[in-house]
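# Give the three-dimensional model of this entry:
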Amino acid sequence: MLRVRAFQGLSPKPELAADVACVPYDVVNRGEAAALAAGNPRSLMRVDRAEIDLPPETDPYSDVVYQTAKKNLDGLVSARVLVREPVPTIYLYRQQMGGHVQTGVVAVCHIDDYENDIIRKHEKTRKDKEDDRTRLIGTLRADTGPVFLTYRGHPEIDALAAAQTSLPPSVDFVAPDGIRHTLWRMHENRSLTEAFSKVPLAYVADGHHRSASAARVGRELREANPNHTGAEDYNWFLCVLFPADQLRILPYNRVVNDLNGHSPREFLARVREKFEVAESAPASPSAPGHVSMFFDGRWIGLSWKSEPSADPVSRLDVSVLQDRILAPVLGIDDPRTSRRVDFVGGIRGTSELEERVTGGHAAVAFSMYPVTVDQLMDIADAGQIMPPKSTWFEPKLRSGLFIHTF
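Numbering: from 1, shown residues only. Now for the predicted structure:
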């Protein structure tokens, strides 16, 4: 069963939480990260993406970046922007984006549960990104960005969370993007950790590189410690656990730079061989088994009849698109490595797809129907890997509201 534990970490003073909190390091590029942190020395972006405090030509994987991250984190602690919790704590973390509300439990999970597939994965990690986060976590001796986990809901956990969130919160603010973030501290949390011990499995929804890197740092510190007992804090990593029925997944759309040598007429003819085609369609498909394609200045509907399959990956819309169009027609054999395809998170809307094509930056765009949480869990349970860029969870967790140190 899943192990969940309170931790005695760092958190910002409540009145400074909005200044410290930042979006995950991997949803922004260097320029966007610098713009978000501009004029705000307290932003944790200066730790998670410390290259923004260095000359633009600095290699983001150079030693000076990790040294600067450490200096910046130590500075936030010495200035008492970040303070140590007086006792081991679990948090309830609520996010509200428009009418959507989700409430998760912030705790630490065990790296052995990650290694032994009690915490299940559905993505491969890239070595360069994993190496980067491993170096950062190891240098800081801290997890600054939580891993986003989900689990099949449990009534006892729901009841405990509801009781806690009926009390006044510790932190409550609205970020510049309009998302509300609310925190409750639970110092008396034994009942919650015991309830989680009845949860058989959790799933990485977002944060595969952070979780893989945290587990790797823990292994390295075990091997380097001749007096290792298993009680050390490096055996645990920072997570937020949300019940699956509260989550919302947005689509992850595709744009392709060129038609792989086909003329527009040839390309459309090949598409018609593979799909049922509606000459006019909404920009966002309304159901699984449908894709909206922006091409030749209009949205075209693509649909197909689902064929029975025991393979949960092949049933995904993104797999059907890859197998019928992206690979055989457009020559995108490996979307993980091809530079001719790009992925656009659903939070940017379908107008971003139209702009890419009409602006000449892409030849064709595909608007997808979002994957469900059940599909994600089915694939992880089968020990399989989802196609790259299949899920976009929103709202994103903020880094800096709670930091696990070891």
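
# Spatially nearest residue to residue 185 (excluding sequence neighbours)?
Distances taken as CB to CB, 6 or more residues apart in numbering place residue 170 nearest to residue 185, at 4.8 Å, with adjacent residues excluded. For glycine as for every other residue, the C-beta is placed from the backbone atoms N, C-alpha and C.

# isn't that neighbour right next to residue 187, touching?
No: with contact defined as CB atoms under 8 Å, residue 170 does not count as touching residue 187 (10.7 Å).

# neighbour count winner among these two?
Between residue 170 and residue 187, counting by other CB atoms under 10 Å, residue 170 is the more crowded of the two (16 against 11).

# how about the strands in the stretch 251-400 of the chain?
In the stretch 251-400 of the chain, the strands defined using DSSP state E, counting those that start in this stretch lie at 252-256, 276-278, 290-295, 298-303, 341-345, 364-367, 392-393.

# Just checking: what are the partner strands of the shortest one?
If I follow you right, that is strand 392-393. strand 249-250 (antiparallel) (DSSP bridges).

# Run a quick neighbour tally on the closest residue to residue 58 other than its chain neighbours.
In this structure, residue 58 finds its nearest non-sequential neighbour in residue 51, 5.4 Å apart by CB to CB, 6+ apart. Residues lying near residue 51 (other CB under 10 Å) number 21.

# And for residue 322?
Other residues close to residue 322 by other CB under 10 Å number 22.

# list the contacts for it?
332, 335, 387 (CB atoms under 8 Å, 6 or more residues apart in numbering).

# measure it to residue 341 for me?
Distance of residue 322 to residue 341, given as CB to CB, to the nearest Å: 10 Å.

# Find residues that contact each of the two.
Common contact partners of residue 322 and residue 341 (CB under 8 Å, 6+ apart): 332, 335.

# mind listing the helices for the stretch 201-350 of the chain?
For the stretch 201-350 of the chain, applying DSSP state H, counting those that start in this stretch gives helices covering 208-224, 264-274, 317-321, 349-358.

# these two touch, right, residue 157 and residue 192?
Yes: between residue 157 and residue 192 there is a contact under CB under 8 Å: 6.9 Å.

# what is in contact with the two at once?
Here residue 157 and residue 192 share the contacting residues residue 105, scored by CB under 8 Å, 6+ apart.

# what secondary structure does residue 90 sit in?
At residue 90 the chain is in strand, as set by DSSP: H, G, I helix; E, B strand; the rest coil.

# Check which residues of stretch 381-390 are buried.
386, 387, 388, 389, 390 (16 or more other CB atoms under 10 Å).

# Send me it as CSV with only the CA atoms.
Taking Å, rounded to 0.1, in the frame of the first residue of the first chain, the C-alpha atoms of stretch 381-390 are listed here in CSV:
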residue,chain,number,x,y,z
ASP,A,381,-1.7,-0.4,-14.9
ALA,A,382,-0.8,-2.2,-18.1
GLY,A,383,2.8,-1.1,-17.7
GLN,A,384,2.7,0.8,-20.9
ILE,A,385,3.8,4.3,-22.0
MET,A,386,1.5,6.9,-23.3
PRO,A,387,2.5,8.7,-26.6
PRO,A,388,4.4,11.9,-25.9
LYS,A,389,2.5,15.0,-25.0
SER,A,390,-0.8,13.3,-24.5
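
# Having no further points to raise, I will conclude here.
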